[in-house]
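Trainee: I would like the atomic coordinates for the input below:
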Amino acid sequence: MKVIIRRMRFSDVEEVSTLEKEIFSNPWSKYSIMQNLFHSDVCFSFVAEVDKKIAGYAFTWIVRDELHIGNIAVKKEMRRKKIAESLMKKIIEKGRIYGCSYAYLEVRKSNEAAISLYKKFGFVKNGVRKRYYPDNNEDAIIMFKYYKNKKK
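Mentor: As a prediction, this is how the structure comes out:
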């Protein structure tokens, strides 16, 4: 199975919006997804394609020397096939190219699979945002990764 990671296009918005609603209990609106594409100078949105179909996607922002990972998602039937890993590799490399000092994200405390993936890429727990998720008031774990050759 070949996974192709590419920049998200406006023609992807409808499918990504549908996936967002299927995957998340508090999905981003179609408008929010489109806004990320309009701000391509700081927003980097990617899709993962398998057999020319979107299997996953990610939203990231680079501001100054900081990479923020906003959302990584993979279709339920496509999980455990290294698609999220492929997206993470692309995201981490994009931060390196842009000279980021660190990357950070928030993840649901209960999302053990995602936490394990992030740890694999060198992220460490850095704090907690209490009652961060509005759908069930679940805490978010804040995770950081420092880029090598950058000051910590």
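Trainee: Any regions of this protein where pLDDT drops low?
Mentor: Within the chain, the stretches with pLDDT under 70 are 149-152.
Trainee: Repeat the analysis, applying 80 as the threshold.
Mentor: Where the chain drops to pLDDT under 80, the residues are 38-41, 149-152.
Trainee: Would you state the strands of it in chain order?
Mentor: 3-7, 43-50, 53-63, 66-74, 102-108, 124-133, 138-146 (DSSP state E).
Trainee: Could you list every helix and strand that the helix ranked longest in the chain packs against?
Mentor: Of all the elements of type helix in the chain, the one with the most residues (DSSP state H) is helix 83-97. Applying 3 or more CB pairs under 8 Å, 6 or more residues apart in numbering; DSSP states H and E, one finds that helix 83-97 contacts strand 3-7, strand 43-50, strand 53-63, strand 66-74, strand 102-108, helix 112-120. Where C-beta positions appear, they are placed from N, C-alpha and C, glycine not excepted.
Trainee: How much space separates the residue lying closest to Ile72 once chain neighbours are set aside from Val50?
Mentor: Distances taken as CB to CB, 6 or more residues apart in numbering put Ala58 closest to Ile72, at 4.5 Å, once the chain neighbours are dropped. Using CB to CB, to the nearest Å, we find Ala58 at a distance of 15 Å from Val50.
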